[in-house]
Every structure is written in structure tokens, then in C-alpha cells.
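Engineer: Quick one, structure for this:
(one chain, ligands or ions: 1)
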Amino acid sequence: MRSEWVGRLGTMAGVKFAVPRETVEGEQRIPLSPDSIPRLKGLGLEVWAQAGAGRGAGFVDASLAEAGAEVAPSLSRCLQGAEVVCKVQPPSAKEAAALPQGSALISFLAASTPAEVLGQLVKRRITAFSFELVPRISRAQAMDVLSSQASIGGYKAVLVGASRLPKILPLQMTAAGTIAPARVLVMGAGVAGLQAIATARRLGAVVEATDVRPAVKEEVQSLGATFVELPLEAQEGEGGYAREQSEEFLARQRELTAERVEQSDLVITTAAVPGRRAPVLITKELVAKMRAGSVIVDLAADSGGNCELTRPGEEVQAGAVTILGWRNLPATVPTTASLMLARNVAAIAGHLIQEGKLVLDFEDEITSSMCALHDGQIRNPLMQESAQVGANRS
Ligand code: NAD
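Structural biologist: Residues are numbered from 1 along each chain as shown. Predicted coordinates for the structure are as follows:
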């Protein structure tokens with residue numbers, strides 16, 4: 001099914017693409033950059049940004065204007081007549097209510113989006129495209145926000161962890177003698193894990209990595225790390241992801257990896273299964289056996305944590321071990337994260353906009369997967385469940 005949207009302004013004007021300022025605390029990213037604006041304009045879009053939207057990422061209003069964007073002094077001016085609104089964080093219910101009726105939204109929009117927000121989006125007949133729903137296929141690689149941001153998260157996790165270690169990472173041979181390199185263990189060698197491995201290696205650590213998908217072994221080794229092979233059945237799922245593992249499997253995995261965890265100075269955990277709680281790989285009993293001063297950076301904190309003691313958004317001191325469950329690490333590297341995000345968004349817009357119009361071709365896998373809501377309907381099955389749960393509660 002293919003449908004075309006002619007802007008409410010008519011065919012005379014280009015489609016207005018608006019980027020409001022983020023409102024979630026700590027969100028410093030913007031899905032627009034001076035580098036992406038000419039590309040968006042090349043698609044026939046009229047690009048607008050709310051004043052100050054790029055400040056956190058270092059893209060001041062003047063740099064956005066110089067690249068060709070219109071800078072709106074207020075949110076209402078930014079959104080007025082917008083046909084495509086693009087932001088990083090999912091809208092709050094209030095933000096959803098402020099979106100122009102019938103416009104398109106491109107942002108993070110998780111399956112667990114609150115029913116209240118979904119209700120507003122439905123009511124306003126918003127066509128919502130979710131970054132989380134970009135399919136992991138080679139044709140969509142340039143649009144893959146999850147990957148671009150996960151790689152930044154993996155990089156930053158190592159820096160955050162290294163800065164909290166009471167020791168240095170590289171081998172040092174000095175007049176005062178030789179200092180052994182730190183040992184880093186990366187659990188989960190997907191996009192974030194591989195970037196963490198590469199970063200820890202660049203800093204001179206001795207790096208080991210584990211994953212339940214043996215397919216990553218060569219990638220791990222090519223980055224100069226040791227792949228810890230476990231005598232366990234592979235847990236390959238669909239689309240290159242891991243499948244959900246049984247509690248028996250995880251108990252056995254914990255037993256087999258315990259010694260590696262105990263011997264590590266820095267453990268970066270990134271293990272995840274899409275749509276499921278993150279597997280617990282490090283129990284509190286194991287934390288108690290870890291080296292004094294060691295650090296765990298749990299990138300799975302938001303989905304429950306790979307360490308039993310992780311608290312999302314917090315630092316936990318467990319004896320002499322520090323556990324960091326920082327949320328949204330990519331937002332702490334806002335310039336690079338925004339540059340990559342803006343390129344992903346330009347690729348998404350390039351896919352959806354044809355001859356200056358938003359074209360919805362639901363026979364196309366990318367458009368169909370990414371589009372969570374359209375025409376007053378929730379298309380994504382997991383979001384339909386969220387909306388149903390919310391409706392049953394109220
Ligand atoms: P993810 O965030 O869902 O998971 C991170 C890693 O955790 C995965 O490697 C997974 O195997 C691992 N894991 C799960 N349970 C574990 C456990 N008990 N112990 C240890 N590790 C465990 O995945 P991701 O990083 O977003 O992507 C995973 C893979 O998807 C990539 O490596 C790649 O093969 C594929 N991918 C493909 C594309 C594309 O083709 N466009 C894009 C991105 C990713």
C-alpha cells in the first residue's frame with residue numbers, strides 16, 4: 001500500500017521538518033547537524049529548529065542557520081505547520097498533544113511507550129516512526145540509530161570505567177619497574193560490546209569477551225581481544241540477535257564465567273535480548289568475590305541490568321566494588337552522537353521523502369517496520385499491548 005502526503009501548505013511550499021528542543025534532563029543530543037541540513041534540504045524539506053535545540057551538542061543557532069535551517073524563537077513557532085517533527089527522546093504526553101494534527105513524528109519510541117502518550121498520538125493521528133524499529137538489514141544500515149548510539153555508549157563505558165579504576169590500563173615499563181596492564185572483560189559482544197573492546201584495547205588493557213553467539217568470535221579476535229569460549233549451546237536468535245535464554249542456561253553460564261569476572265579489573269556488560277529483561281550474568285555473591293577496586297559498567301541497566309546489584313541511573317558501592325548503571329551514555333558524548341544520529345535521520349528522511357513529499361509504502365520492509373502508528377491506528381504489536389495494558393489499568 002502506497003500513499004502520498006501533500007503538505008497542508010500545498011505543493012507550493014516544501015514539507016516543513018521541525019526539530020524542537022529536547023526536554024528530558026541530560027538529553028544533550030539533537031537529531032540535526034550543520035552537516036545533515038543540506039542533505040535534508042536537498043530532499044525538498046524546509047528545515048526548522050527551535051532556538052537552543054543544538055546548544056548541548058555544540059551546534060549553536062548560528063551554525064544551524066548558516067547551514068540553511070530556519071531558527072524558530074519558540075516551540076509553537078517551530079511546530080506550526082510542521083509535517084515532520086523529529087526529536088531524540090520519545091514525546092511526553094504533553095509534547096505529543098502539541099504535535100500538529102496529522103503530522104509525522106520520527107524519534108525513539110519504545111514498545112513500552114506509556115499508554116497515555118500512545119493515546120495522544122492516536123488522537124492526533126500522528127504517523128510515528130520509531131528509531132528502535134529500524135530493521136537490522138543491510139539496506140537500512142545507514143538509518144540504524146540503535147547501532148550508531150550503541151557504539152558511542154560502548155566507547156564511553158570504557159572511559160567512565162577506566163576513570164573510576166584505581167589503576168591505569170596499559171602496561172608500563174618504567175625506571176620504577178613494570179606495571180601489568182589492567183584486565184577488562186566485556187560481556188556481550190554486539191555493537192556496544194565490540195566498540196568497548198576496541199576502546200579498551202586502544203587504552204592498552206588486556207581484553208577478554210564473552211557472548212552467547214559464537215558468530216562474534218572472529219570479530220572479537222580481530223580487535224585484539226580473547227574470545228572466552230564456553231561449552232554451552234549457541235543462543236543465536238533471529239536477525240543476528242541472541243534468543244532468550246533459560247534460567248538453567250544462565251546459571252551454567254555464570255558458573256563458567258565466574259573466574260573471569262573475579263580476575264577482571266573492569267567489567268563492561270552489554271548483554272541483551274530484544275524485548276526481554278537483560279540476562280543476569282553477575283550475581284551479588286560473585287560481586288563479593290571480585291577484586292578490591294574493580295568496576296562494573298552495566299550498559300544493560302535500563303533493561304534490568306546484567307549485574308544483580310545494578311540500580312539504573314545510579315552508582316552502587318558493593319564492598320570495594322563500584323557498579324555504574326549510568327543511563328543514556330551516548331548523550332554524554334553529544335557532538336559525535338548527534339552527528340551520527342543526524343546522518344541516520346537524513347538517511348531515514350531520504351527513504352521516506354520522495355520528490356519533496358512523504359511517501360508511505362507499507363510494502364517496503366523498512367517503512368513498514370519503522371512505522372509504529374498511522375492514521376489513528378497502532379501498527380506495532382508490542383505497542384498495541386502497551387496501549388491495552390494502560391487501557392485496562394484506567
Ligand atoms: P543487543 O544489544 O540485543 O545485544 C548485545 C549482545 O549481547 C549481543 O551480541 C548478544 O548476543 C549478547 N548476549 C545476549 N545474551 C547474552 C548472554 N547471556 N551472555 C553474553 N552475551 C549475551 O544486540 P546489538 O548489539 O544491538 O546487535 C547484535 C547483532 O545484531 C550485531 O552483532 C549484528 O550481528 C546484528 N546487527 C545487524 C545490523 C544490520 O545488519 N543492519 C545492525 C546492527 C546489528
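Engineer: neighbours around residue 335, how many?
Structural biologist: A count of neighbours around residue 335, defined by other C-beta atoms under 10 Å, yields 16. C-betas here are computed from N, CA, C, even on glycine.
Engineer: now do residue 314
Structural biologist: Residue 314 has 12 nearby residues by other C-beta under 10 Å.
Engineer: Touching, it and residue 325? I think so.
Structural biologist: Yes - between residue 314 and residue 325 there is a contact at 5.6 Å, judged by C-beta atoms under 8 Å.
Engineer: what ranges of the chain fall below the confidence cut-off?
Structural biologist: 1-13, 390-391, 393-394 (pLDDT under 70).
Engineer: what does it have sitting close to the ligand?
Structural biologist: Within the chain, the positions near the ligand by C-beta under 6 Å from any ligand atom are 136-138, 140-141, 144, 146-147, 150, 187-193, 210-213, 216, 240-242, 245, 253, 270-274, 279, 281.
Engineer: Measure how buried the residue in the chain that the ligand sits nearest to is and give me the count.
Structural biologist: Nearest residue of the chain to the ligand: residue 190, at 2.1 Å (C-beta to the nearest ligand atom). The burial count assigned to residue 190 is 23, neighbours taken as other C-beta under 10 Å.
Engineer: tell me the contacts of the residue nearest to it when sequence neighbours are not counted?
Structural biologist: Nearest residue to residue 190 in three dimensions, chain neighbours excluded: residue 270, at 6.3 Å (C-beta to C-beta, 6 or more residues apart in numbering). Residues in contact with residue 270, defined by C-beta atoms under 8 Å, 6 or more residues apart in numbering, are 150, 154, 157, 186-190, 192-193, 196, 299-300, 306.
Engineer: show me what contacts residue 334?
Structural biologist: Here residue 334 is in contact with 28-30, 56-58 (C-beta under 8 Å, 6+ apart).
Engineer: For the residue lying closest to it once chain neighbours are set aside, what are phi and psi?
Structural biologist: In space, and not counting its chain neighbours, residue 334 is closest to residue 28: 3.6 Å by C-beta to C-beta, 6+ apart. Dihedral angles of residue 28 (phi, psi; degrees, to the nearest 10) stand at phi -100, psi 0.
Engineer: what's around residue 28, how many residues?
Structural biologist: 20.
Engineer: so it sits right up against residue 59, yeah?
Structural biologist: No - with contacts counted by C-beta under 8 Å, residue 28 stays clear of residue 59, the gap being 10.6 Å.
Engineer: so what sits against both of these two?
Structural biologist: residue 338.
Engineer: and stretch 371-380, how far from the chain's centre?
Structural biologist: How far stretch 371-380 lies from its chain's middle: 22 Å, per C-alpha atoms, centre = their mean, to the nearest Å.
Engineer: Now do it: distance from first to last residue.
Structural biologist: Terminal residues of stretch 371-380 are spaced 8 Å apart (C-alpha to C-alpha, to the nearest Å).
Engineer: Name the residues of that stretch that are buried.
Structural biologist: Of all the residues in stretch 371-380, those buried under the rule 16 or more other C-beta atoms under 10 Å are 371-374, 378-380.
Engineer: Can I get those residues in CSV including secondary structure and distance to residue 236?
Structural biologist: Output for those, formatted as CSV (DSSP: H, G, I helix; E, B strand; the rest coil; distance: C-beta to C-beta, whole Å):
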residue, secondary structure, distance to residue 236
371, strand, 28
372, strand, 27
373, strand, 31
374, strand, 33
378, strand, 30
379, coil, 28
380, coil, 24
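Engineer: For residue 231, state which of those is nearest.
Structural biologist: Checking these against residue 231 with C-beta to C-beta, the nearest one is residue 380 at 38.3 Å.
Engineer: so who does the nearest residue to the closest one once chain neighbours are set aside touch?
Structural biologist: Leaving aside its chain neighbours, residue 380 sits nearest to residue 372 (4.3 Å; criterion: C-beta to C-beta, 6+ apart). Taking C-beta under 8 Å, 6+ apart, we find residue 372 in contact with 109, 128-130, 133, 378-380, 383.
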